[in-house]
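Q: Quick one: sequence plus predicted model below, questions after.
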Amino acid sequence: MSNPETLNFGNSAIAFKHQSTRSLKKALLLFKSFDFPFLLKIGPFLARTAVALGMKSIIKNTIFAQFCGGETIEESATAISHLSESHIGTILDYSVEGEETETVFEHTCAEILKTIEVASKDIRVPFSVFKTTGIIRIALLEKVSANANLTDAENAEWQRSRQRFEQICKSAYDHQVKLFIDAEESWIQPAIDALTEEMMARFNGKSAIVYNTLQMYRHDRLAYLKKQVESGNYFHGFKLVRGAYMEKERERAMEMNYPSPIQPDKVSCDRDYDLALAFCVEHIEKVSICAGTHNEESSLYLTRLMAQKGIAPSDPRIYFSQLLGMSDHISFNLSDTGYNVAKYVPYGPVTAVIPYLTRRARENSSVAGQMGRERRLIETEIKRRKSGISVD
Ligand SMILES: Cc1cc2nc3c(=O)[nH]c(=O)nc-3n(C[C@H](O)[C@H](O)[C@H](O)COP(=O)(O)OP(=O)(O)OC[C@H]3O[C@@H](n4cnc5c(N)ncnc54)[C@H](O)[C@@H]3O)c2cc1C
């Protein structure tokens, strides 16, 4: 069994062995450009303008190349191969956002079904994933979450929406492909949770196929996790994340005058994240997990919990996951030590993934904290290659 004590996220040689020095320099330059608040602000506009003027290749060769696999599944083949050379799986994430017509929902649903089919035939793709708002209208999810009365038209729309959700989960079950359902804003999450719990009860009888996502920046999620595991008589799958919509959640709670669902501070969020990891590992006979995090301490903590419980790093019930183009020092060092790792590989038409790219640019704009560490590691690796020094 691999020893978590030998795991070293600072090993830049392993972290970036899949990247040429040229591509590391390109990544560094890109990350540095995120330090200019003005560029960040006008970035989405510039990107759309560049595409409208026929200069899509500028976006495609820079920020898109860093964070996305391609515009289609076929174009993502190179990313899939690169990752698999280091025994890292790919989670194909169709990242189209913002469109809310029935035609787009049907198209997105068909695309998600395609990713499930690909995963069923390719061991390099161990999971599929989708966002409920990609197939169901946000305002409808909000009404259902609030138990509001639906009009006849809305009722019919809800039935069609449920069918899409069900079709995706059933296809995952039929193909025996593990499926993550992403977590979203708290005011639409009750409807997503209810649908997901129903699918888990239906399809997780023999193993965890359908995984819900828990955002541990919410103060109620640890209790929810415990209740789910203690009550549901089936296998559970959870992707554990900290949560991506903190500012939006706090602003809405303030504006609408209700108590914020978010933890009072980062320490509380970190505490609940690690408690959730410990609870899941303690109940590993019933619970499969994916730690979706770029946090080094939580990743290390999970490796220690596994060692304490005598769980092999390659146990299929435990995965680590990061996003493409981010925290390679965590992904590649974990997989090099024998842990299961899969990266989200977003794909979709360039204009449609601009909101996703904007979020990544903002996340990487601070040189402080985790992202700063990654940037410094890229610099270390470029210097190391220049001088030919080996890194422990
Ligand atoms: C594979 C993968 C899948 C993901 N899927 C989802 C998903 O389905 N839904 C989703 O919402 N997000 C998802 N995320 C994003 C995730 O929720 C986080 O936004 C992101 O990963 C940063 O958190 P971290 O654990 O990596 O690390 P860190 O950098 O340690 O934590 C940053 C996070 O801590 C929390 N935080 C920061 N300050 C405070 C504070 N003052 N009080 C309380 N909390 C605070 C916030 O959630 C913030 O994003 C996913 C991330 C990954 C890697």
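A: Received the coordinates, thanks.
Q: Where in this protein is the helix or strand with the lowest mean pLDDT?
A: Between all helices and strands in the chain, the lowest mean by mean pLDDT, DSSP states H and E belongs to helix 37-52, at a mean of 76.
Q: Can you list the helices and strands that it packs against?
A: In this structure, helix 37-52 packs against helix 56-60, helix 354-363, with contacts taken as 3 or more Cβ pairs under 8 Å, 6 or more residues apart in numbering; DSSP states H and E. Bear in mind the C-beta positions are built from the backbone N, C-alpha and C, glycine included.
Q: between that helix and helix 354-363, how big is the angle?
A: If you take axes from the mean of the first three to the mean of the last three Cα atoms, to 10 degrees, helix 37-52 sits at 160 degrees to helix 354-363.
Q: buried sites along helix 37-52?
A: Residues of helix 37-52 classed as buried by neighbour count (16 or more other Cβ atoms under 10 Å): 40, 43, 47, 50-51.
Q: Distance-wise, check Ser86 relative to Phe203.
A: The spacing between Ser86 and Phe203, counted by Cβ to Cβ, to the nearest Å, is 31 Å.
Q: Between these two, which has more neighbouring residues?
A: Neighbours per residue (other Cβ atoms under 10 Å) separate Ser86 from Phe203, with Phe203 holding more: 22 against 16.
Q: Would you mind naming the helix or strand containing the nearest residue in space to the more buried one that is not next to it in sequence?
A: Setting aside the residues directly before and after it, Phe203 is nearest to Tyr173 in space (Cβ to Cβ, 6 or more residues apart in numbering), at 4.1 Å. Take DSSP states H and E as the rule and Tyr173 turns out to sit in helix 152-175.
Q: How about the backbone phi and psi for Asp220?
A: phi -100, psi 0 (degrees, to the nearest 10).
Q: one step back: how far away from the center of its chain is the helix holding Tyr173?
A: 22 Å (Cα atoms, centre = their mean, to the nearest Å).
Q: again with stretch 331-339
A: On Cα atoms, centre = their mean, the centre of stretch 331-339 falls 18 Å from the chain's centre.
Q: can you list contacts of it?
A: 2-4, 6-9, 11, 14-18, 86-88, 299, 303, 313-314, 318, 320, 322, 341, 343 (Cβ atoms under 8 Å, 6 or more residues apart in numbering).
Q: Strands - which of the residues you listed land there?
A: 88, 318, 320, 322, 341, 343 (DSSP state E).
Q: can you tell me which of those residues lies nearest to the ligand?
A: Set against the ligand, the nearest of these by Cβ to the nearest ligand atom is Gln322 (4.9 Å).
Q: The closest one: neighbour count?
A: For Gln322, using other Cβ under 10 Å, the count is 23.
Q: Could you find the closest non-adjacent residue to it?
A: Counting by Cβ to Cβ, 6+ apart, the nearest residue to Gln322 once its immediate chain neighbours are dropped is Ser331, at 4.8 Å.
Q: Strands of the stretch 151-300 of the chain, start to end?
A: Ranges of strands within the stretch 151-300 of the chain are 178-181, 210-215, 236-241, 287-292, based on DSSP state E, counting those that start in this stretch.
Q: For the shortest one, which helices and strands make contact with it?
A: Counting contacts by 3+ Cβ pairs under 8 Å, 6+ apart, strand 178-181 packs against strand 127-130, helix 152-175, strand 210-215, strand 236-241.
Q: Among those, which comes closest to Pro349?
A: Set against Pro349 and scored by Cβ to Cβ, the helices and strands packed on strand 178-181 come closest in strand 127-130, at 17.0 Å.
Q: what comes up buried for that closest one?
A: Result for strand 127-130 [16+ other Cβ under 10 Å]: buried residues 127-130.
Q: returning to what we had before: in the helix holding Tyr173, what counts as buried?
A: Residues of helix 152-175 classed as buried: 154, 157-158, 161, 164-165, 168-173, 175 (neighbour count, 16+ other Cβ under 10 Å).
Q: Contact residues of the stretch 51-200 of the chain facing the ligand?
A: Proximity of the stretch 51-200 of the chain to the ligand (Cβ under 6 Å from any ligand atom) is limited to residues 182-183.
Q: Quick check: the residue of the stretch 51-200 of the chain nearest the ligand.
A: The ligand sits closest to Asp182 of the stretch 51-200 of the chain, with a gap of 3.3 Å, by Cβ to the nearest ligand atom.
Q: Next, that residue: phi, psi?
A: Dihedral angles for Asp182 - degrees, to the nearest 10 - are phi -60, psi 150.
Q: Test for you: state the pLDDT assigned to it.
A: The model reports Asp182 with a pLDDT of 97.
Q: just checking, it touches Thr132?
A: Yes - taking Cβ atoms under 8 Å as the definition, Asp182 is a contact partner of Thr132 at 7.4 Å.
Q: follow-up on the earlier one: now, the most widely separated pair of the ones in strands among the contacts of stretch 331-339?
A: Among the ones in strands among the contacts of stretch 331-339, the pair separated by the greatest distance (Cβ to Cβ) is Ile318 and Lys343, at 15.9 Å.
Q: for Ile188, what are its contacts?
A: Ile188 is in contact with 132-133, 138, 141-142, 145, counting by Cβ under 8 Å, 6+ apart.
Q: Just the buried subset of these, please.
A: Buried by 16+ other Cβ under 10 Å: 132-133, 141, 145, out of these.
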